[in-house]
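**Q** After the sequence you'll find the predicted model.
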Amino acid sequence: MLVLPVLLLLPAASPPGPKKLERVGEVRKIWDGGKHNAFTDLVRFRDRWFCTFREGDAHVGGDGTVRVLTSADGVAWESAALLAEKGVDLRDPKFSVTPDGRLMIVAGGSVYEGTKLLGRRPRVAFSKDGKDWTPTRKVLDEGEWLWRVTWHGGKCYGVSYNAAARTTEAAKEAAKTGKAEPGPADWKLKLVVSTDGEKFDLVTHLDVPGHPNETTLRFAPDGTMVALVRREGGDTHGWVGAAAAPYKEWKWKDLGARVGGPNFVFLPGGPAVAAARLYDKPVRTSLGLLDVTGGKLTEVLTLPSGGDTSYAGLVWHDDLLWVSYYSSHEGKSSIYLAKVRVGK
């Protein structure tokens, strides 16, 4: 059960580190130019801010495009680029910075007939300045979704899943046994690695049940890989896991709460701060402290949000946590930016 107040001092039994998160100034709306603006990420690159997100006609379906905004100060924003593929819904763009100093975007590439999914495959694109981008390139296999990548030690790690393939296998098996309507199939997450952000190899399968999907990977100060996973089957609780190199032996904890669009960062000298959509009423975008060892997410700060919301980008800069996210609490689904101070 998550703690619900907007601001909460954690109990003494909590791990050492920051105990409160406070907004600095007002949350700023930075974009509402598309019909539906959603699924953000944020990065500090070459002394500028870059925010990316999907523009589309609605939450699902249509030809979604990837918008990239830039700002020198986080106040005045302008469009830097628009990535598009005819007939393809580019979704959930996520930033990372390659070892050779390029900005990288990984996104889902889905093909729809109305709102019916016909196929999908991940895309990547690269830029030296955040404005001029390579054409989007397909990676992994048809049906995969590589939701986010993180670079560490010169290698690019990410978690992919293929719900469509597993469902097809279940349908074939059901046909053999005479079952007319197979139930939802489960599938396994794949931990993959790349040296160039284009050719990925399998590291291991992650033993997470319950329709796992959106996964963020980060590295703790001691080099441990940590995964925060959304699950949509079973009890729908998010899971957090950790593994030492070579990242094949994992220990998992149930967070006890459903999370959407999970993201987190390790703060200097402190535990991890996570952002997610929380579903116990009302639906909202919140920040909380993530106890990896204990498997606990404690909500600390609720951002102005509601309805269609979440998918936050997180950057620690100048002793503040900068947060991009989207929300429809003011009517239209729009992009917002918040600054958060971390205190004892």
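**A** Ah, there it is.
**Q** what residue ranges in this protein score low on pLDDT?
**A** Along the chain, the model assigns pLDDT under 70 to residues 1-19, 164-185.
**Q** can you do 90?
**A** For the chain, residues meeting the criterion pLDDT under 90 lie at 1-20, 58, 60-63, 112-117, 163-188, 269-271, 281, 343-344.
**Q** Next up, the contacts around Lys155.
**A** Neighbouring residues of Lys155 by CB atoms under 8 Å, 6 or more residues apart in numbering: Val193, Ser194, Thr195. (C-beta placed from N, C-alpha, C; glycine too.)
**Q** Report the beta-bridge partner residues of the nearest residue to Leu320 once chain neighbours are set aside.
**A** Of all residues not flanking Leu320 in the chain, Lys339 sits nearest, at 5.0 Å (CB to CB, 6 or more residues apart in numbering). With DSSP bridges as the criterion, Lys339 is bridged to Trp322.
**Q** Kindly report the same for Leu287.
**A** Ala275, Leu301.
**Q** related to what we said a few turns ago, tabulate the contacts of Lys155 (TSV), appending secondary structure, distance to Leu206 and neighbour count.
**A** Output for the contacts of Lys155, formatted as TSV (DSSP: H, G, I helix; E, B strand; the rest coil; distance: CB to CB, whole Å; neighbours: other CB atoms under 10 Å):
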residue	secondary structure	distance to Leu206	neighbour count
Val193	strand	13	18
Ser194	strand	17	19
Thr195	coil	21	12
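**Q** Pick the one among those closest to Arg258.
**A** Using CB to CB, Val193 is the member of the contacts of Lys155 that lies nearest Arg258, at 28.9 Å.
**Q** re earlier: in CSV, list the contacts of Lys155 along with distance to Thr309.
**A** Shown next, in CSV, are those (distance: CB to CB, whole Å):
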residue, distance to Thr309
Val193, 32
Ser194, 31
Thr195, 36
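**Q** could you show me where the helices are in this structure, in order?
**A** Assigned by DSSP state H, the helices in the chain fall at 163-177.
**Q** tell me how far the ends of stretch 292-299 are from each other?
**A** In stretch 292-299, first residue to last residue: 14 Å (CA to CA, to the nearest Å).
**Q** which parts of that stretch are buried?
**A** Neighbour counts over stretch 292-299 (16 or more other CB atoms under 10 Å) mark Val292, Gly295, Lys296, Leu297, Thr298, Glu299 as buried.
**Q** What about those residues, which are in strands?
**A** Lys296, Leu297, Thr298, Glu299 (DSSP state E).
**Q** thinking again about what came up before, the residue nearest to Leu320: neighbouring residues, count only.
**A** Look at Lys339: counted by other CB atoms under 10 Å, it has 18 neighbours.
**Q** again with Arg102
**A** 17.
**Q** Please name the nearest non-neighbouring residue to Ala272.
**A** Leu290 (4.1 Å).
**Q** Just the buried residues of stretch 213-224, please?
**A** Asn213, Glu214, Thr215, Thr216, Leu217, Arg218, Phe219.
**Q** which residues of the stretch 101-250 of the chain fall in strands?
**A** Secondary structure of the stretch 101-250 of the chain by DSSP state E, counting those that start in this stretch: the strands cover 103-113, 116-120, 123-127, 137-138, 145-152, 155-161, 189-194, 201-206, 212-219, 225-231, 239-243.
**Q** and the angle for the last one with strand 201-206?
**A** Read it as strand 239-243. Strand 239-243 runs at 130 degrees relative to strand 201-206, counting by axes from the mean of the first three to the mean of the last three CA atoms, to 10 degrees.
**Q** How about Tyr279, nearest residue that isn't a chain neighbour?
**A** Arg258 (4.6 Å).
**Q** Now do the same contact list for the one you found.
**A** Counted by CB under 8 Å, 6+ apart, Arg258 has contacts Arg231, Thr236, His237, Gly238, Leu278, Tyr279, Asp280.
**Q** likewise Gly119?
**A** Gly119 neighbours (CB under 8 Å, 6+ apart): Ser110, Val111, Glu142, Gly143, Ala164.
**Q** Pull up the gap between the third one and Ala58, please.
**A** The gap separating Glu142 from Ala58 is 24 Å, by CB to CB, to the nearest Å.
**Q** Arg218 and Phe264 touch, don't they?
**A** Yes: contact criterion CB atoms under 8 Å: Arg218 and Phe264 qualify, at 6.1 Å.
**Q** joint contacts of the two?
**A** When contacts are counted by CB under 8 Å, 6+ apart, Arg218 and Phe264 have Val226, Leu228, Ala272 as shared neighbours.
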